[in-house]
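**Student:** got a structure for you, letters missing:
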């Protein structure tokens, strides 16, 4: 997987220098939750964390309890909002199923996931989720 991410980084830098952008065509394999998907390039599958947003969790994890506390919500409301984000992304994908999926690669997070902006055709999915899908703005440092 590290070799794949290294190749992806090199490819995105090369494409970025030549075309001034880093959109790479991918196949969407699985929507894990509102801000994480699995994509495939050739025969390699890897997770992508949608950068710039943070959706609520979909299970009662430590992070979900922290989101509940920080946002003055019940744990059930956090889970409900997390499922809403996931459903919203799934429905958005279904509505754009015939369009090419792209990732605008932005780096790798501390968990080894690719960070990026996902596009369905020219449609910026990250932005749409932040505006309509119960996701918050999140800045990576």
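**Tutor:** Yep, that arrived. All of these numbers come straight from a predicted model, not from anything done at the bench.
**Student:** contacts and neighbour counts: CA atoms only from here.
**Tutor:** OK.
**Student:** centroid residue for the protein?
**Tutor:** Nearest to the mean C-alpha position of the chain, by Cα atoms, centre = their mean, lies residue 50 at 2.5 Å.
**Student:** isn't it up against residue 36?
**Tutor:** Yes - counting by Cα atoms under 8 Å, residue 50 sits close enough to residue 36 to count as a contact (5.9 Å).
**Student:** now do the residue nearest to the centre of the chain against residue 42, distance only.
**Tutor:** Separation of residue 50 from residue 42 (Cα to Cα, to the nearest Å): 21 Å.
**Student:** mind listing what's buried in the host helix or strand of residue 32?
**Tutor:** Using DSSP states H and E, residue 32 maps to strand 23-33. Residues of strand 23-33 classed as buried by neighbour count (16 or more other Cα atoms under 10 Å): 23, 24, 25, 26, 28, 31, 32, 33.
**Student:** gap between the first one and residue 132?
**Tutor:** Distance check for residue 23 against residue 132: by Cα to Cα, it reads 23 Å.
**Student:** now do the third one
**Tutor:** Relative to residue 132, residue 25 is positioned 24 Å away (criterion: Cα to Cα).
**Student:** ok, the fourth one next?
**Tutor:** Distance check for residue 26 against residue 132: by Cα to Cα, it reads 24 Å.
**Student:** ranges for the strands of this structure?
**Tutor:** In the chain, the segments counted as strands under DSSP state E are 23-33, 36-41, 44-50, 53-55, 101-108, 114-120, 123-124, 135-137.
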